[in-house]
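Asks: sequence and predicted model, in that order:
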There are 4 protein chains.
Amino acid sequence: MIHCPDRQGILATVTEFLNKNNGNIINLDQHVDRVEKIFYMRVEWELKDFAIPSEKIGEYFDTLIGSKLEMNWKLYFSEDIPRMAIFVSKMSHCLFDILSRYTAGEWDVKIPVIVSNHETMRPVAERFGIAFEYIPVTADNKAEQEAAELALLKKHKIDFVVLARYMQILSKDFVSHYPNKIINIHHSFLPAFAGAKPYHAAHARGVKLIGATSHYVTSDLDAGPIIEQGVTQCSHVDTIKSLIRKGRDLEKIVLSNAVFKHLQRKVLVYNNRTVVFN
Amino acid sequence: MIHCPDRQGILATVTEFLNKNNGNIINLDQHVDRVEKIFYMRVEWELKDFAIPSEKIGEYFDTLIGSKLEMNWKLYFSEDIPRMAIFVSKMSHCLFDILSRYTAGEWDVKIPVIVSNHETMRPVAERFGIAFEYIPVTADNKAEQEAAELALLKKHKIDFVVLARYMQILSKDFVSHYPNKIINIHHSFLPAFAGAKPYHAAHARGVKLIGATSHYVTSDLDAGPIIEQGVTQCSHVDTIKSLIRKGRDLEKIVLSNAVFKHLQRKVLVYNNRTVVFN
Amino acid sequence: MIHCPDRQGILATVTEFLNKNNGNIINLDQHVDRVEKIFYMRVEWELKDFAIPSEKIGEYFDTLIGSKLEMNWKLYFSEDIPRMAIFVSKMSHCLFDILSRYTAGEWDVKIPVIVSNHETMRPVAERFGIAFEYIPVTADNKAEQEAAELALLKKHKIDFVVLARYMQILSKDFVSHYPNKIINIHHSFLPAFAGAKPYHAAHARGVKLIGATSHYVTSDLDAGPIIEQGVTQCSHVDTIKSLIRKGRDLEKIVLSNAVFKHLQRKVLVYNNRTVVFN
Amino acid sequence: MIHCPDRQGILATVTEFLNKNNGNIINLDQHVDRVEKIFYMRVEWELKDFAIPSEKIGEYFDTLIGSKLEMNWKLYFSEDIPRMAIFVSKMSHCLFDILSRYTAGEWDVKIPVIVSNHETMRPVAERFGIAFEYIPVTADNKAEQEAAELALLKKHKIDFVVLARYMQILSKDFVSHYPNKIINIHHSFLPAFAGAKPYHAAHARGVKLIGATSHYVTSDLDAGPIIEQGVTQCSHVDTIKSLIRKGRDLEKIVLSNAVFKHLQRKVLVYNNRTVVFN
C-alpha cells in the first residue's frame, strides 16, 4: 500500500517494476485525490517467480522507487497472519459475531486474548478457548491498568485491537501505541449522536433511520477515520429498547465488516479519512 | 386524527361511535407511547350511509367523545384537495420532481403558486403553467418581503408550504403562521451536518453514507420534527461534486415522499416528533 | 391473532369485549385486505384485572364473538415460552447467530435440541450446552429418519423448527406436522434463483444486488409464505466466493429477524402470504 | 476501454505507453476476471501535451499494443457529446426524470428526439422543446414501423436509445443495429418477475422487497446485461397500486443512474454481464 504526492507516471513506474521482475499482479487499485493531490495505491502480486527475494523487496522498492517519489509505503505478506486482541465490556453481540467468524475460519487472523473491565464475558471466552484477562479500570487506576494492558498486548505480540463495545475511553497515550490499529464500533451514525447513549438521543430526536459507525480510534473521541457505516429503518413505533435491539445487529455487522477490510489490508488512512480499496 | 392522554377504552369508544352510526372503517392505525402515555390514532371511514351529516360530525364527535377524553383531534374530508405553495431558489431537481408528479396526477393537490428569491426557475414554472412570484429577500427587506409572501399565501388560500431547496431562513414570525405546515428538505442526515454546506462537511469527515432529511420547519433551524430520511452509499472515490450529485436524487425522493405522506394526512406531530401512520 | 371475512364492526366488537371485561389493550394492529375482503387483527392485552380467567378466555371469546363472525383465531399467553428445534448441516453462521442471541437472552425461547445430518456442528452445540442429535439422511432411509426426527421433536415438545441452512428437503409428510411452523432461510432473493446454488446463478447473471429470503416451509419447495427479505450490493468485482461471504451475513440476520417476529407471534399466514404486524 | 485475454504486464504496457507520450492519467480502473481470465480496463488521460494527435491515437495504440495483445478496445473523447433518443409509451415518470436532468444540465448529452407509440407524451416533449415522433406499432405494421424508427434514429445521428417504460418489444433485427446501446428499465428485481405485470406477480407472491433493473436490451427479452438495480421495502399493507407507486420512484432513479454511467462510458459488456467502473 502506497500513498504519495501525485505526479505523472507513478502507476507506470510501479507496474513496470513488478512486471520486469516477473511479479504477476493479482489485484491493483489506485485512487487520486485531485484536491489534495495525493496518489493512493494498493497492489497485490504473486511472489512465486518474483525475481527479488521476499526479505529484500522492501529495500529494493525503497531505493529504486519509494524514496525518489516520496512515497509512504507498506509491504505485507499474505502468509503473515495478523494477531488481534478484543476488548469488551458486558455486551456479547459483537464478541459473539467475531468469535463465530473466527471459529468458522472466515478470517485469516489469530485471537490470542480477550481483555475486559468486567468478568461477564469470561464464560464466552472460555467456551471458545481464548485467554480472558480481567482488567477493571477506574478513574484512579487508569494509568496503571492501561500499562498492564499494553504489557499484555506486547506479550501476545498483538498487531491490532478491536473494541467490541468496550465502554471505556482509552487515553491518548494508549492510542499512540496503536495508531490506526484500534478499531471501534460507535452505536450511531457518526457524527450524529457522538458520545454516550446515542439511542436515547436518536429516540428523543425522532429520527427515521439509526446507524452504526466503525472507525479507527484517535485521541479525539468518536472523531477518528471512518471505515464502515450502516443504517437501518426505524419509526415512531420503536422504543429505546427496540432501537437498541435493532442497533445490535447493525453494530456487529458493521464492526465485523470493518475488521475484515482491515485484515485484508484494504484500508489506508490519510488526513483522518480512509481510502477503502475494493 | 387524534392524540390524547392514554386511558383504557379509547379505541373501543371511537370504533363503537363509528360503528353505531353506520360508518364503515376503511383504515385504522393507532399507536400508544407507553413512556409519555399518549394515545395516537388515525381512522378513515366512508361517509356514504354515515348517520351524521358531514358538517355536524365535528360537533357530535367533540361533544360525545373528544372533550370527555381530552382529545386533540382533526377531521379531514378526502374530497377537500389541499393547496400547496412551493418556495424555491436556483436548484431545479426537487421542483421538477414535484411538478412531474403533479402533472402526472400522482398527488391529490393543487399548486397555485411558486415563490422564489431568484428569477432562475421562472421558465420552469411557466412551462408547467403555474404562477411564479419573484420575491427577492435581503437582510434589510426580510420583514416586508415575508409580509408580501404571507399575503400571497393568503390570497392563494394556501394550506401548506414546501421548501424545495429554498436557501433562505424563514423568520419565527413567518413559521408561526404555518405550524407543522412548512416542509423542508435538508441535504444531510440530520442531526449530522445541520446548517450550510453539509456535503462539504460530509466529505471532510470522510463518511461512507450520505443522507437527506425532510422535516417540518420550526423556529429552531434544522431541528423540527422529522418526517422522512434517506441515505445512499459513498466512498473515498466521491468528490464534493459527486456527493452533491448523489445527494440531489436522495433529496428529491425524500422530500416528495414526505409531501405525499403529509397530503394523505398520515403525519401527526407531538413533542417535536412525528407519528407517521402506515 | 384473528383473521376472518371482513364486515362492519369487527374491530368495535372485539375492543368492546376486551374493554368491558377490564382488559387493558397494550398493542393492537389490524389490516384489511380490500381485494380478498379479509380482516386481520392482532391484539395484546393485560391479564391482570381481566374479568375472564385465563383458561376460559378461549371458550368465552369463541362463543360470544369468534363463531358468530366466522373467525380463525389463536390465543397465546406471553408467559408461555415457545420451544424451538434447530436443524443444521455443515455451515455455522446461522447457528452461531441464533445461539449467541439465545445465550444473551435476546429471545424468549427454549432450544432443547439441535438436529443435523452431519456431525460437524456437534462441538458448537456442546459449547452452548444443547443436545445434539445426529440423524444422517440418505435417499434410502429418508422416511425412517424423518420418523425419528418427528419422534425427537415430540419428545422435546417442540413448537416450531428453524432450518439454519439445513441442506435437506423435508418431505410433504414431515411438513404437514408443522404447518407454518418450519422457518427456512433461502440464500437468494426469492423468487429469483430458487433451488440450489443461487450464488452461482446470481454471479452468472451478473446481478448488482444479492438477497436472502426467510419463509415458512410448505410442500412446494422455496415457495412458502415469505416472512422477511434482505439484499446487499454487489458488483463485477465479486467472485462467487465473495458473494457467498456477503450472503452469509444477510442470511443470518434475515433468518434471525424472521425467527424473532415468529417468536413475538407477529406473523399471520393467509393464502400463502404473511401479514407481519409491526 | 479495453478488454482482452489476461496476461502478465498489460497494465504496465498501457500505462507506460501513456506515460512516455506525456499523457497524464486522470482515472484508471482495471478488473481481472480470474475465472474467465479476462482483463478489463478503463483509463482516462489528458490530451493536452499528449504527444500523439487525437486522430492518430487509435491507429498508434492498435499497432503498438492493441493487436499484439488481442485487445478489444474503444476510444472516446470527452468533448464528443453523445446523442440519445428516448422511446416512451404513456407513463411519464422516467421521461420527466430524464428531461429534468437534461434541462438542468446534469448530463453531457443531446436529446434530439422522443419516439412514442402513443400521443400521450407529446405535450411533455413540447414543453421541453424536443421533437416528438408518433410511431404507433401493431402486430401487423411492426416491421415497417421499426424501419421508420431506424431511419429516424439515423437521421438524428443517435448514438444510443433509452426505453423509458416503452411498452413494446423490439425485434431482434432492431436490437442488432444498437448492440449494448439500448437501455431498458424493467420494473422488477430481475430475474424475479421477468415479463409483464411484475407488480401483480410480486403482490401475489407476498414479497417484502420490490425492485427495478436497468439493463441493455438483447434479443433475449429481459435477459440482457444488468447495469443497475435497486430495491425498496414493502409489506402486506401494500396494494398493487401502492407497489406501482413505490416502483415508479425506483424505476426512474435506477434508469437515470444507468444512463449516467453509460454516458460516462463506465460500462463495459462482456459475456452478457457488465463491468461498471467506479
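Replies: Sure, I can see it. Treat the numbers as computed from the prediction; the structure is a model and nothing was measured. Residues are numbered from 1 along each chain as shown, chains lettered A, B, ... in the order given.

Asks: the closest residue to A:Lys208 other than its chain neighbours in helix, strand or coil?
Replies: For A:Lys208, ignoring the flanking residues on the chain, the nearest one in space by CB to CB, 6 or more residues apart in numbering or on different chains is B:Gln229 at 4.4 Å. Bear in mind the C-beta positions are built from the backbone N, C-alpha and C, glycine included. In the three-state summary, B:Gln229 is assigned as strand, counting by DSSP: H, G, I helix; E, B strand; the rest coil.

Asks: can you pull the pLDDT of B:Gln229?
Replies: The pLDDT attached to B:Gln229 in the predicted structure is 97.

Asks: how many residues are close by A:Ile244?
Replies: Other residues within reach of A:Ile244, judged by other CB atoms under 10 Å in any protein chain shown, total 18.

Asks: so A:Ile226 makes contact with B:Lys208?
Replies: Yes - using CB atoms under 8 Å, A:Ile226 is in contact with B:Lys208, at 5.8 Å.

Asks: quick check: A:Cys4 is in a strand.
Replies: Yes - note on A:Cys4: a strand contains this position according to three-state DSSP.

Asks: how close does the closest residue to it other than its chain neighbours get to A:Met1?
Replies: Taking CB to CB, 6+ apart as the measure, A:Cys4 lies nearest to A:Met71, with 4.0 Å between them; neighbours along the chain are not counted. Spatial separation of A:Met71 from A:Met1 under the definition CB to CB, to the nearest Å is 10 Å.

Asks: got it, and A:Leu263?
Replies: Counting by CB to CB, the gap from A:Leu263 to A:Met1 is 14 Å.

Asks: likewise A:Gly206?
Replies: Per CB to CB, A:Gly206 is found 42 Å from A:Met1.

Asks: just A:Tyr76 next, same as before
Replies: Applying CB to CB, one obtains 8 Å for the distance of A:Tyr76 from A:Met1.

Asks: these two: which has the busier surroundings?
Replies: Comparing A:Tyr76 with A:Met1 by neighbour count (other CB under 10 Å), the higher total belongs to A:Met1, at 19 against 11.

Asks: is it true that that one touches A:Met41?
Replies: Yes - the pair A:Met1 and A:Met41 qualifies as a contact (CB under 8 Å) at a distance of 7.2 Å.

Asks: ok, now which ones touch the residue in the stretch 151-278 of chain A that chain D sits nearest to?
Replies: For the stretch 151-278 of chain A and chain D, the shortest gap (CB to the nearest CB) falls at A:Gln233, measuring 7.3 Å. Under the criterion of CB atoms under 8 Å, 6 or more residues apart in numbering or on different chains, the contact list for A:Gln233 reads A:Lys208, A:Leu209, D:Gln233.

Asks: now, which of the residues you listed sits nearest B:Asn24?
Replies: When the contacts of A:Gln233 are compared for distance to B:Asn24 (CB to CB), D:Gln233 wins out at 29.4 Å.

Asks: check what pLDDT that closest one gets.
Replies: Reading off the model, D:Gln233 has pLDDT 94.

Asks: same thing with the one 3 residues further on?
Replies: For D:His236, the model assigns a pLDDT of 94.

Asks: right, and it touches C:Asn278 too?
Replies: No - counting by CB under 8 Å, C:Asn278 is not a contact partner of D:His236; they are 10.6 Å apart.

Asks: between those two, which is the more surrounded one?
Replies: D:His236 (18 against 15).

Asks: roughly how far does that one sit from A:Trp45?
Replies: According to CB to CB, D:His236 and A:Trp45 sit 53 Å apart.
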